[in-house]
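Peer 1: Any chance you can model this:
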Amino acid sequence: MSYWDTSSLVKLSIAESDSAQFQQLAASAGRIVTANIARLEARTVFRRREAEGALPVGEAAVLSAEMDRDIAGGRVAIQATDSEVEREFTEVLEKCFSQSPPIFIRTNDALHIASAIVAGELEFVTADLRQRGAVQLMGLTVQP
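Peer 2: Numbering: from 1, shown residues only. Below is the predicted model of the structure:
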């Protein structure tokens, strides 16, 4: 298993230049772990791409339903945002902002990292270049 943030999950649904690489990682991962916020962020990405004309009308709903099926079927496991994740979220913020120079982490990125740590995942899959430094600082291995 490995933890996947939204930037990596979306690449499994929308064909992008590096989607094949993420498809291979997903195939070798078996089950994927993510936070519930990833479902909401992915819906936003799908709908934005549809509004931009990059996806056909109605495709955002289809892709969201597919993600929900992957979750219901157990291919994607959701790490609940509970008090343990909230505590770890605070730790991520403190560690990132205490660096010299600080790592200016965004809220949702810190939430994803905290969720991965609480889920016990050591591998963090992301396409987000800004997030990678914070992931490494927290002791997780970044893929790809």
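Peer 1: what ranges do the strands span in this protein?
Peer 2: 2-4, 32-35, 76-79, 123-125, 141-143 (DSSP state E).
Peer 1: quick one, which of those is packed in tightest?
Peer 2: Of all those, strand 2-4 has the most neighbours on average by mean count of other CB atoms under 10 Å, namely a mean of 28. The way it works is simple: take the backbone N, C-alpha and C, and place the C-beta from them, glycine included.
Peer 1: Next, the buried residues of the lengthiest helix in the chain.
Peer 2: Counting by DSSP state H, the longest helix found in the chain is helix 36-52. With burial defined by 16 or more other CB atoms under 10 Å, the residues of helix 36-52 counted as buried are 37-39, 41-43, 45-47, 49-50.
Peer 1: likewise stretch 21-33?
Peer 2: Judged by neighbour count (16+ other CB under 10 Å), stretch 21-33 contains these buried residues: 22, 25-26, 29, 32-33.
Peer 1: For residue 65, give me its contacts.
Peer 2: Counting by CB atoms under 8 Å, 6 or more residues apart in numbering, residue 65 touches no other residue.
Peer 1: Would you mind giving the strands of the chain as a markdown table with mean pLDDT and distance to residue 63 added?
Peer 2: Rendered in a markdown table, the data for the strands of the chain read as follows (pLDDT from 0 to 100; distance: least, CB to CB, whole Å):
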| stretch | mean pLDDT | distance to residue 63 |
| --- | --- | --- |
| strand 2-4 | 97 | 15 |
| strand 32-35 | 97 | 15 |
| strand 76-79 | 97 | 13 |
| strand 123-125 | 97 | 19 |
| strand 141-143 | 96 | 23 |
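Peer 1: Look at residue 144 and say how many residues are nearby.
Peer 2: A count of nearby residues for residue 144, using other CB atoms under 10 Å, gives 11.
Peer 1: Please report how far it lies from residue 121.
Peer 2: Residue 144 sits at a distance of 15 Å from residue 121 (criterion: CB to CB, to the nearest Å).
Peer 1: do the same with residue 102
Peer 2: Remark: distance between residue 102 and residue 121 (CB to CB) = 25 Å.
Peer 1: between the two, who's got more neighbours?
Peer 2: Counting neighbours by other CB under 10 Å for residue 102 and for residue 121 shows that residue 121 has the greater number, 21 against 9.
Peer 1: I figured the more buried one hits residue 32, correct?
Peer 2: No - when contacts are counted by CB atoms under 8 Å, residue 121 is not listed as touching residue 32 (9.7 Å).
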